[in-house]
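K.L.:
following is a predicted model, sequence given first.
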Amino acid sequence: MPRGLPRTAGALSATVLALTGLAVFFGDGSVYAPLVWIGGLAVIAAGLVLVFGLLGRLRLPRLDGAGWAFAGLLAGFVLWNGLSVLWSLEPDRSWEYFNRGAVYLAFATLGLLVGGLVPRAPRILAFGLLGIFGAALAWSLAGKVVPNLYPDGERIARLRAPLEYWNALALLAAMTMLLALWAAVRREHRWALRIGAAVVVFVSAVALLLTYSRGGAVVALLTVGVYLVLTRERVDAIAALVVGLVPAVVLGAWAFTQPGIVDDGQPYDRRLDDGLQFGAGLLVAACLVAGVAYLGLKHEERWRPRTAKIVSGPRLATLSAIALVLGVLVVSRGDPVSWARDGFREFTNPTSQAGGGPERLGNLNSNSRWTWWEEAWELFRDNPVAGTGAGSFSLARRPIRQNTTVATEPHNVALQFLAETGLVGFLLISGAGAAATVGVVRAVRRLEGPDAAAASSLAVLGIAYLAHALIDYDWDFVGVSAPLFLVLGVLLAAGRPALGVRSLLSAGGVALVSATLLASLASPWLADREVASAYAAIERGEVSEAIDDGRRGRSLNPLSVEPLFAEAAGEEAAGNDRSALDRYIQAVELQPHNPRTWFELGRFELNLGFRDAAIRDLTRSSRLDPWGPAPKVLEQIFAQP
């Protein structure tokens, strides 16, 4: 081992976990702006370590075929996202999607570096993620106790902070539960850690319930079942689940009856009063879990041998199957065929909704998902090879949507990639996933003892993400996607010997690529700032400054129509109608499949008195989006004498 490696390994581990914490706490959902600085830091960190390695100052991970295939195919998918700006219906969105993929590639690279350079990397990562995820859930629940801890906490009841999306938080809760089970059952861990892990099982279950996420609950059940199959400490895991889940269900059932906790639009006083009671119940139940866990550990040598006979693998599988059958019979009232048929009809019904409160947990409606999946499949059939362009689903579905419902993505990552990147993109990312699967299985077999157990629990996190990605758009959330790629990287390189490499040319190439990615990340964000500045200048009456801001925004992001609209607004305010019209025409030429560009052009032409031209362009907008604003404007035009 090189002399400076322990200090370097510690610094690298701390840096990577800090970046992951930033992604979880400050990723701000699917918003692009935080991705700039979080992703920028990840790119810088990965680039620096790679440069030092290629200069011979550090050893680099030695990957096998699966590891190289994963890295290469993931990089290929990211590049394909970038290339899609050439044919994308929404090239600026495709550029942002390229940047998002580049950030995930940076986290995967950091994972490879940590796995190859840091001894006991799987255990360190598992402990680190458990701490980060547990802290995020604790903060989220604290917002229930004190409603104004995070924005909109007084108005919207459904638990979502800090990821700003309840389903993403539910996935995080399911992942946390898995890691907590691992920490609770390993006998080499100290008692305090195992007791604390049992409490985290309880906390993650409560958080999961308060997200009202049906998909998150299903994913949690699925992945916990997978973990029970894989782990040798099955008895301990079931005990930890019983100790943590029973009080969580009791507390959750009580919370569902409190309007200040589960109902939207409640006054602050009611939120605070019910929240303080919830906080007291949460604290009491956590202490109860800790006490029961302590007693269980104190007497574990007595109950474990007897319980092991009851919950042996085959017997547990049989009991689970029987419980499932009985549960279906009870729910279906003895007619499972009709129940399944009615459930499928409800799932595919586009007119009904599951609701926004706890009642949705018993509802089978897909909340328009089935419709979005059908739309994504239709877009794929129309563009099977290259797709409509990365990140363009929201725009591409406008001509075929059946209502005014807004959908950023189809809530199924597989269908999303098929529709947006075609077979080429889908095969690239699927190949990366297959290579990662092979590499992770090899890693679990290669590692021994505690590291192998930690690797197994981390591998199940990947299963949780994959299962949840089939019912949601997790790719858009750096708070759950960045940790996944970090985990994959660590597992692919863990337990393999590092190698010394020296290549000045490669080091220079890495530095150049890193600088290019930083510029690529920052440009759309800087352009958005210029657009916002332009509209603010118009409000102040400084129209020349607004025009200049719009032009700077256009130079920073030539793929976006927003700077053109801002510049056109400035030209309108200045009375330069000809220049404003030119900007609107440029916007149409830049994104001819965007109904908004035709609408803005038609609106401006109507203001100028060009009635026939306005009708033509507004008609084009209405064809691209029958549910947009253009049809109403056309009705008003034709209603006039």
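P.N.:
Sure thing, it's come through.
K.L.:
what's the domain layout of the chain?
P.N.:
Following automatic domain parsing, one finds the domains of the chain at 5-310+356-365+403-499, 312-355, 523-639.
K.L.:
isn't residue 108 right next to residue 67, touching?
P.N.:
No - the criterion here is Cβ atoms under 8 Å, and residue 108 misses it with residue 67 at 10.3 Å. Bear in mind the C-beta positions are built from the backbone N, C-alpha and C, glycine included.
K.L.:
okay, and the common contacts of the two?
P.N.:
Counting by Cβ atoms under 8 Å, 6 or more residues apart in numbering, residue 108 and residue 67 have no contacts in common.
K.L.:
shaky segments in the chain?
P.N.:
The model of the chain has pLDDT under 70 over residues 1-5, 153-154, 303-317, 351-352, 354-355, 641.
K.L.:
switch the cut-off to 50
P.N.:
1-4 (pLDDT under 50).
K.L.:
strands of that one, residue ranges please.
P.N.:
60-61, 498-499 (DSSP state E).
K.L.:
which residues touch the nearest residue to residue 451 once chain neighbours are set aside?
P.N.:
Once flanking residues are discounted, residue 451 sits nearest to residue 122: 5.0 Å by Cβ to Cβ, 6 or more residues apart in numbering. Neighbour list for residue 122: 115, 443, 447, 451, 454, 455, 458, 490, 491, 494 [criterion: Cβ under 8 Å, 6+ apart].
K.L.:
do the same with residue 518
P.N.:
Counting by Cβ under 8 Å, 6+ apart, residue 518 has contacts 40, 43, 44.
K.L.:
of these, which belong to helices?
P.N.:
40, 43, 44 (DSSP state H).
K.L.:
tally of neighbours for the last one?
P.N.:
To tie it back to what came earlier, the one meant is residue 44. Residue 44 has 17 neighbouring residues, counting by other Cβ atoms under 10 Å.
K.L.:
take the contacts of residue 122 and lay them out in CSV including neighbour count and distance to residue 562.
P.N.:
Shown next, in CSV, are the contacts of residue 122 (neighbours: other Cβ atoms under 10 Å; distance: Cβ to Cβ, whole Å):
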residue, neighbour count, distance to residue 562
115, 28, 41
443, 28, 45
447, 21, 49
451, 21, 49
454, 27, 46
455, 29, 45
458, 30, 40
490, 30, 39
491, 32, 41
494, 31, 44
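K.L.:
for those, which two are the farthest from each other?
P.N.:
115 and 454 (11.9 Å; Cβ to Cβ).
K.L.:
starting at the chain centroid, how far to stretch 259-273?
P.N.:
Offset of stretch 259-273 from its chain centre (Cα atoms, centre = their mean, to the nearest Å): 28 Å.
K.L.:
equivalent analysis for stretch 272-283, please.
P.N.:
29 Å.
K.L.:
ok, stretch 371-384 next?
P.N.:
22 Å.
K.L.:
got the CA coordinates for that stretch in PDB?
P.N.:
As requested, the backbone C-alpha atoms of stretch 371-384 are provided in PDB (Å, rounded to 0.1, in the frame of the first residue of the first chain):
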ATOM      1  CA  THR A 371     -52.100   7.000 -20.100                       C
ATOM      2  CA  TRP A 372     -48.500   8.400 -20.000                       C
ATOM      3  CA  TRP A 373     -47.100   4.900 -20.700                       C
ATOM      4  CA  GLU A 374     -49.300   4.600 -23.700                       C
ATOM      5  CA  GLU A 375     -48.200   8.000 -24.900                       C
ATOM      6  CA  ALA A 376     -44.600   7.100 -24.400                       C
ATOM      7  CA  TRP A 377     -45.000   3.900 -26.400                       C
ATOM      8  CA  GLU A 378     -46.800   5.700 -29.200                       C
ATOM      9  CA  LEU A 379     -43.900   8.200 -29.400                       C
ATOM     10  CA  PHE A 380     -41.400   5.300 -29.500                       C
ATOM     11  CA  ARG A 381     -43.300   3.600 -32.300                       C
ATOM     12  CA  ASP A 382     -43.200   6.900 -34.300                       C
ATOM     13  CA  ASN A 383     -39.500   7.400 -33.600                       C
ATOM     14  CA  PRO A 384     -38.100   3.900 -32.900                       C
END
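K.L.:
show me what contacts the closest residue to residue 274 other than its chain neighbours?
P.N.:
Spatial nearest neighbour of residue 274, excluding adjacent residues (Cβ to Cβ, 6+ apart): residue 260 at 2.9 Å. Residue 260 is in contact with 266, 270, 271, 272, 273, 274, 275, counting by Cβ under 8 Å, 6+ apart.
K.L.:
pick the most buried one from the strands of the chain.
P.N.:
Comparing the strands of the chain by mean neighbour count (mean count of other Cβ atoms under 10 Å), strand 60-61 comes out on top with a mean of 22.
K.L.:
each with direction, which strands does it pair with?
P.N.:
strand 498-499 (antiparallel) (DSSP bridges).
K.L.:
ok, residues contacting the strand it pairs with?
P.N.:
59, 60, 61, 62, 116, 117.
K.L.:
thought the first one was touching residue 116?
P.N.:
Yep, that's residue 59 we're talking about. Yes - if you go by Cβ under 8 Å, residue 59 and residue 116 touch, sitting 7.3 Å apart.
K.L.:
neighbour count: these two, which is higher?
P.N.:
Per other Cβ under 10 Å, whichever of residue 59 and residue 116 has more neighbours is residue 116, with 26 against 18.
K.L.:
check the gap between that one and residue 323 for me.
P.N.:
In this view, residue 116 and residue 323 are 44 Å apart by Cβ to Cβ, to the nearest Å.
K.L.:
can you count the residues close to residue 125?
P.N.:
Around residue 125 there are 29 residues (other Cβ under 10 Å).
K.L.:
so what's it up against?
P.N.:
Counted by Cβ under 8 Å, 6+ apart, residue 125 has contacts 17, 114, 454, 458, 486, 487, 490.
K.L.:
ok, residue 173 touching residue 137?
P.N.:
Yes - Residue 173 is within contact range of residue 137, at 6.1 Å (criterion: Cβ under 8 Å).
K.L.:
okay, those two: which has more neighbours?
P.N.:
More crowded of residue 173 and residue 137, by other Cβ under 10 Å: residue 173, with 28 against 24.
K.L.:
residue contacts, the closest residue to the more buried one other than its chain neighbours?
P.N.:
Among residues not flanking residue 173 along the chain, residue 208 sits closest, at 4.0 Å (Cβ to Cβ, 6+ apart). Contacts for residue 208 were tallied using Cβ under 8 Å, 6+ apart; they are 170, 173, 174, 177, 216, 217, 220.
K.L.:
10 Å instead?
P.N.:
Going by Cβ atoms under 10 Å, 6 or more residues apart in numbering, residue 208 touches 137, 159, 169-174, 176-177, 216-217, 219-220, 248, 252.
K.L.:
what does residue 592 give?
P.N.:
89, 598, 620, 624.
K.L.:
how much space separates it from residue 633?
P.N.:
Distance from residue 592 to residue 633, by Cβ to Cβ: 19 Å.
K.L.:
swap in residue 174?
P.N.:
Separation of residue 174 from residue 633 (Cβ to Cβ): 46 Å.
K.L.:
between those two, which one's more packed in?
P.N.:
Just comparing residue 174 and residue 633: by other Cβ under 10 Å the higher neighbour count belongs to residue 174, 30 against 19.
K.L.:
residue 252 and residue 204 touch, don't they?
P.N.:
No - using Cβ atoms under 10 Å, residue 252 and residue 204 do not qualify as a contacting pair, with a distance of 12.0 Å.
K.L.:
more neighbours, those two?
P.N.:
Neighbours were counted for residue 252 and for residue 204 using other Cβ under 10 Å; residue 204 has more, 29 against 20.
K.L.:
so the more buried one makes contact with residue 174?
P.N.:
Yes - with contact defined as Cβ under 10 Å, residue 204 counts as touching residue 174 (7.6 Å).
K.L.:
need the residues touching each of these two.
P.N.:
residue 220.
K.L.:
run the chain-centre distance for stretch 104-116.
P.N.:
18 Å.
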